[in-house]
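Participant: Just a sequence and a predicted model for now, questions to come.
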Amino acid sequence: MLKTVLMIILGIVSVILIVSVLAQSSNSDGLSGSIAGGAEQLFGKKKSQGYEVILRRISIVTSVIFVAASIIVVYLEAHSA
């Protein structure tokens, strides 16, 4: 019973984690981004951080839940045999 509940939680958390990671914007834009990035930092061009912070926190929380649930499932599987 507990293993089934954890597997369902793993499935839901996996989908949320994938969506939150894919929704985040990338930090690098290739070679042109690295050249222009210095100028943006110099002149203080910043984009809104609210949405990015929320997505980053969702990613961190779901990844911690994913790892913890995975370890528990492996532990239960090892001790059930």
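Facilitator: Received the coordinates, thanks.
Participant: worst-scoring helix or strand of this structure, pLDDT-wise?
Facilitator: When each helix and strand of the chain is scored by mean pLDDT, DSSP states H and E, helix 30-43 comes last, with a mean of 55.
Participant: all helices for the chain, in order.
Facilitator: 2-23, 30-43, 50-80 (DSSP state H).
Participant: Going by neighbour count, list what's buried in the last one.
Facilitator: Spelled out, that is helix 50-80. For helix 50-80, the neighbour count (16 or more other C-beta atoms under 10 Å) marks Leu55, Ile58, Ser59, Thr62, Ile65, Phe66, Ala69, Val73 as buried. C-beta: built from backbone N, CA, C; applies to glycine.
Participant: again, but for the first one
Facilitator: Residues Leu6, Ile9, Leu10, Val13, Ile16, Leu17, Ser20 are the ones in helix 2-23 that count as buried (16+ other C-beta under 10 Å).
Participant: closest to Ser80 among those residues?
Facilitator: Closest approach to Ser80 among the buried residues of helix 2-23 (C-beta to C-beta): Leu6, at 12.5 Å.
Participant: give the contact list for that closest one.
Facilitator: By C-beta atoms under 8 Å, 6 or more residues apart in numbering, the residues touching Leu6 are Ala69, Ile72, Val73, Leu76.
Participant: how far away is it from Ser14?
Facilitator: The spacing between Leu6 and Ser14, counted by C-beta to C-beta, to the nearest Å, is 12 Å.
Participant: next one: Ile65
Facilitator: Distance, Ile65 to Ser14, by C-beta to C-beta: 10 Å.
Participant: Which residues does stretch 55-70 contact?
Facilitator: Residues external to stretch 55-70 that are found in contact with it (C-beta under 8 Å, 6+ apart): Leu6, Ile9, Leu10, Val13, Ser14, Ile16, Leu17, Ser20, Val21, Ala23, Gln24.
Participant: ok, now with 10 Å
Facilitator: 5-25, 49 (C-beta atoms under 10 Å, 6 or more residues apart in numbering).
Participant: Tell me the gap between it and the middle of its chain.
Facilitator: Relative to its parent chain, stretch 55-70 has a centroid offset of 6 Å by C-alpha atoms, centre = their mean, to the nearest Å.
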